[in-house]
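Q: Just a sequence and a predicted model for now, questions to come.
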Amino acid sequence: MKAVNGFCSVIKKICYALCYVSMFIVAFMMILMFADAIGGLFFNHRIPGSYELVQMILSVVVFTSWAYTQTEHGHIHVVMFIRLFPMKLRFVIFALTSLLSTIVMALASYGVYRMVHDKISDGLKTSTLLIPYWPFYMIEFIAFVIFTVALLADTLKAFAAIVNKEAAEDVMSTWA
């Protein structure tokens, strides 16, 4: 259990760092939109490419927030029926569904990884600023991998909860 808690602690620190990066990106995006709106309203001159920058940045912000939300247990867990089962069975079911979530996100991460390679080989760029798409997809891939690892950490805790009372109490404390 000590190793699992240490692993979760490291993942949590990485997710917090990602959260701060995401907050910085949101602040930059707000400043850019504000400057574009003011420029269009008062000076009749908009910032070229601001729309496409915001569009690309917004996709990065969305995906980077998933891992942080997972470490804070902000995603919805439907445990209404699991609570009715005997203690060991509820953790077996929860661990298996957590494992399924981890596998699905690992497959999604692989899909984004393939997309990065497709965008690099296509050389696809935005229409106004001619920014390549692949760096944004690369950030999304990294965010997906970190989210998958955060899910894996919770899955390990769920499997530990099957045999460890301390882990069981920790996992159940996250259930609303």
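A: Arrived safely, thanks for sending.
Q: Is the residue nearest the centre of the chain in a helix, a strand, or coil?
A: By C-alpha atoms, centre = their mean, the chain has its centre lying nearest to W66, at 2.6 Å. Judged by DSSP: H, G, I helix; E, B strand; the rest coil, the three-state class of W66 is helix.
Q: could you list every residue that touches it?
A: W66 makes contact with A143, F144, F147, according to C-beta atoms under 8 Å, 6 or more residues apart in numbering. In this view, the C-beta of every residue, glycine as well, is placed from N, C-alpha and C.
Q: Could you point out which of those is nearest to I11?
A: Nearest to I11 among the contacts of W66, counting by C-beta to C-beta, is F147 at 10.0 Å.
Q: Just confirm that closest one is within a helix.
A: Yes: under the criterion used here (three-state DSSP), F147 sits inside a helix.
Q: what's the burial count for A153?
A: 23 (other C-beta atoms under 10 Å).
Q: Against H117, how distant is it?
A: Distance, A153 to H117, using C-beta to C-beta, to the nearest Å: 28 Å.
Q: isn't F141 right up against D118?
A: No: counting by C-beta atoms under 8 Å, F141 sits too far from D118 to count as a contact (12.0 Å).
Q: Same drill for those two, tell me which one is more crowded.
A: Neighbours per residue (other C-beta under 10 Å) separate F141 from D118, with F141 holding more: 21 against 13.
Q: need the contact list for the residue nearest to V54 when sequence neighbours are not counted.
A: If the residues on either side of it in the chain are set aside, V54 comes closest to M29, at 5.6 Å by C-beta to C-beta, 6 or more residues apart in numbering. Going by C-beta under 8 Å, 6+ apart, M29 touches L53, V54, I57, L58, V61.
Q: What helix or strand is M29 located in?
A: Take DSSP states H and E as the rule and M29 turns out to sit in helix 2-42.
Q: Kindly report the same for A108.
A: Assigned by DSSP H and E, A108 falls in helix 87-122.
Q: How far off centre is that helix?
A: Offset of helix 87-122 from its chain centre (C-alpha atoms, centre = their mean, to the nearest Å): 12 Å.
Q: And for stretch 62-82?
A: Going by C-alpha atoms, centre = their mean, where stretch 62-82 is centred and where its chain is centred differ by 10 Å.
Q: Help me confirm that M33 comes into contact with L53.
A: No: contact between M33 and L53 fails when scored by C-beta under 8 Å: they sit 9.5 Å apart.
Q: so what pLDDT did M33 get?
A: Note on M33: pLDDT of 92.
Q: Okay, now the unreliable bits of the chain?
A: Scanning the chain for pLDDT under 70 picks out the ranges 176.
Q: So what touches stretch 37-57?
A: 25, 28-29, 32-33, 35-36, 126-129, 131, 133, 136.
Q: Output that stretch as CSV, restricted to C-alpha atoms.
A: Extracted in CSV, the C-alpha atoms of stretch 37-57 (Å, rounded to 0.1, in the frame of the first residue of the first chain):
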residue,chain,number,x,y,z
ALA,A,37,-12.6,42.3,-28.8
ILE,A,38,-11.2,45.7,-27.8
GLY,A,39,-9.2,46.0,-31.0
GLY,A,40,-12.3,45.2,-33.1
LEU,A,41,-14.6,47.5,-31.1
PHE,A,42,-12.4,50.6,-30.6
PHE,A,43,-9.7,50.4,-33.3
ASN,A,44,-11.6,48.5,-36.0
HIS,A,45,-8.6,46.1,-36.1
ARG,A,46,-8.8,42.5,-34.9
ILE,A,47,-5.9,40.3,-34.0
PRO,A,48,-5.2,38.1,-37.0
GLY,A,49,-5.6,34.4,-36.1
SER,A,50,-6.9,35.0,-32.7
TYR,A,51,-9.9,32.8,-33.3
GLU,A,52,-7.8,29.8,-34.5
LEU,A,53,-5.4,30.3,-31.6
VAL,A,54,-8.2,30.2,-29.1
GLN,A,55,-9.7,27.2,-30.8
MET,A,56,-6.5,25.2,-30.6
ILE,A,57,-5.7,26.4,-27.0
